[in-house]
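# For reference, the sequence and a predicted model appear below.
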Amino acid sequence: MCALAHFVYKNSTISTVLKTVQKVKSRDRFIMLKKLALAVSLVASFQVAQATTNIYPLNGHQVLGEEQVYSINDTGTTTLEYVAAEYHLGLSNMIEANPEVDPIVPAKGSKLIIPTKLILPPTVHEGIIVNSAEMRLYYFNGGNVEVYPIGIGQLGKGTPMAWVTKVERKKAGPTWTPTAKMRAEYAAEGEYLPAVVPAGPDNPMGLYAMYVGKLYAIHGTNADFGIGLRVSHGCVRLRNEDNETLFHKVPVGTRVEFINQPIKFAEEPNGDLYIEVHQPLSRSESEFENFDTTVPFSFTQAQLQFFKDPRINQDILKKALDERSGQPSWHGNLPISQ
C-alpha cells in the first residue's frame, strides 16, 4: 500500500525537514528551488489558512469560476502557500499563475493572480477525476463539481496517469505500514521508520483514507506542505480539511479516473473558445534535473485538431503554450463551422 514518502514525523527537526523537502520531485523543474524553500518556511513558522471548498454549479458550461486578485498588505507578511490554502489551490497553481513572485515572502503591496477560473477535464464527468498534470481532484456530486488541490507521486513512484477504478473501501483512523523498500530508503538516509505508524495526527496518511484499487489511496497528511507537489509514493494527498470533507461525502463504489492532461480546451454554449495550459510532469530524471530544459508536450489528436480551428488566435495560443500559466485564455465567440 502506498504512503507518503516525504512525511515529517513528530520529532523531526527543521534540518530533517530540509533534507526531506530537498528530495521532493517537483513538476516544474525550473521553479523547484523556490518550492523547496517555501516548504521549509511553512514547517518552521507558518500556520495554513482555513480553506473552504470550491463548489461550482454544473449548468452546461465547461469553463467555471472567475479569476481573482489578492493584494498583499503593505504592512503584513504572507506566503504563497497561505494564499493558496485560503483560495483552495495548490502551491503549483499559484506559482504557475505568478511566476515572478517570491513564494517564500511575496513583496508587500504586490498583487497575486488567483487562478480560480478553470476548464473541466476532458473525460467523463462522473465520480472523482484526478488530473495529475494540474494537481487537482474533481468530485462530481449531483449538480455540482467540487475542486480540490492535491499532491501526487514522485518521479518514478508516480500516481497512475490513465486508469479507471473505484473507491474500494474507506477507513477513519488509518494506520501506515511502510514497505521494506521504504524503510530501506529511509535507513540509507539515516532515518528509521517504525514497522507501523499508528492512527492519529502524526500518521502521514492523516485521519481519513479512501482506498482506490488495491494499491493506492486518497488521504490526508501530517505535514504542512506538499499540496501541489510530487511528494508521495503514488497516493493522492489532500489538505486535512479537504480530505475529511471528501471522506464523508464520497460513497464506497464511486468511480475514480486518473488522467494526465496538462492541456484542456473547451467551447462554451455561446461559442467562446478557451484553452488552459499547465506545465507537463517531468517524465525522466534528465528532464527533472535539467532546469534549463522545458518539458515538451505530447499533443493528442483532439488538441491538434483544436489548434487548427481557424478561429484560434495563433499568437494567443503560442503564448499560452509558452507561458503554461494554468489560466484559461479566450479565443473569440463565433459558432463552430458546420
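Arrived safely. Numbering: from 1, shown residues only.
# wait, what's in contact with the residue most central in space within the chain?
For the chain, residue 135 is the residue whose C-alpha lies nearest the centre (CA atoms, centre = their mean; 2.2 Å). For residue 135, the contact set (CB atoms under 8 Å, 6 or more residues apart in numbering) comprises 27, 90, 92-93, 149-152, 227-229. Quick note: C-beta positions are derived from backbone N, CA and C, even for glycine.
# rerun at 7 Å
90, 92-93, 149-150, 152, 228 (CB atoms under 7 Å, 6 or more residues apart in numbering).
# From the residues you listed, which land in helices?
92-93 (DSSP state H).
# can you redo the contacts of residue 135 as a markdown table with neighbour count and distance to residue 84?
Putting the contacts of residue 135 into a markdown table (neighbours: other CB atoms under 10 Å; distance: CB to CB, whole Å) gives the following:
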| residue | neighbour count | distance to residue 84 |
| --- | --- | --- |
| 90 | 25 | 6 |
| 92 | 28 | 9 |
| 93 | 27 | 7 |
| 149 | 26 | 7 |
| 150 | 27 | 12 |
| 152 | 32 | 16 |
| 228 | 29 | 7 |
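# Of all pairs in the contacts of residue 135, which one spans the longest distance?
93 and 152 (13.2 Å; CB to CB).
# longest strand of the chain?
Secondary structure assigned by DSSP state E gives strand 163-172 as the longest strand of the chain.
# I'd like the next helix or strand past that one.
helix 180-188 (DSSP states H and E).
# buried ones in that following helix?
182-183, 185-186 (16 or more other CB atoms under 10 Å).
# what about the stretch 201-338 of the chain, any weak spots by pLDDT?
Across the stretch 201-338 of the chain, residues meeting the criterion (pLDDT under 70) sit at 291-292, 332-338.
# Nearest to residue 264, out of the buried residues of helix 180-188: which one, please.
Using CB to CB, the buried residues of helix 180-188 come closest to residue 264 at residue 182, 34.1 Å.
# Next one, pLDDT for that closest one please.
In this model, residue 182 is scored at 85, pLDDT.
# now residue 121
Looking at residue 121, its pLDDT reads 98.
# Tally up the residues packed near it, please.
For residue 121, the neighbour count with other CB atoms under 10 Å is 20.
# gap between it and residue 263?
11 Å (CB to CB, to the nearest Å).
# what does residue 169 give?
For residue 169, the distance to residue 263 - CB to CB - is 34 Å.
# Neighbour count: the two, which is higher?
Set side by side, residue 169 and residue 263 show more neighbours around residue 263, with 24 against 11, by other CB under 10 Å.
# isn't the more buried one right up against residue 304?
No: if you go by CB atoms under 7 Å, residue 263 and residue 304 don't touch, sitting 10.4 Å apart.
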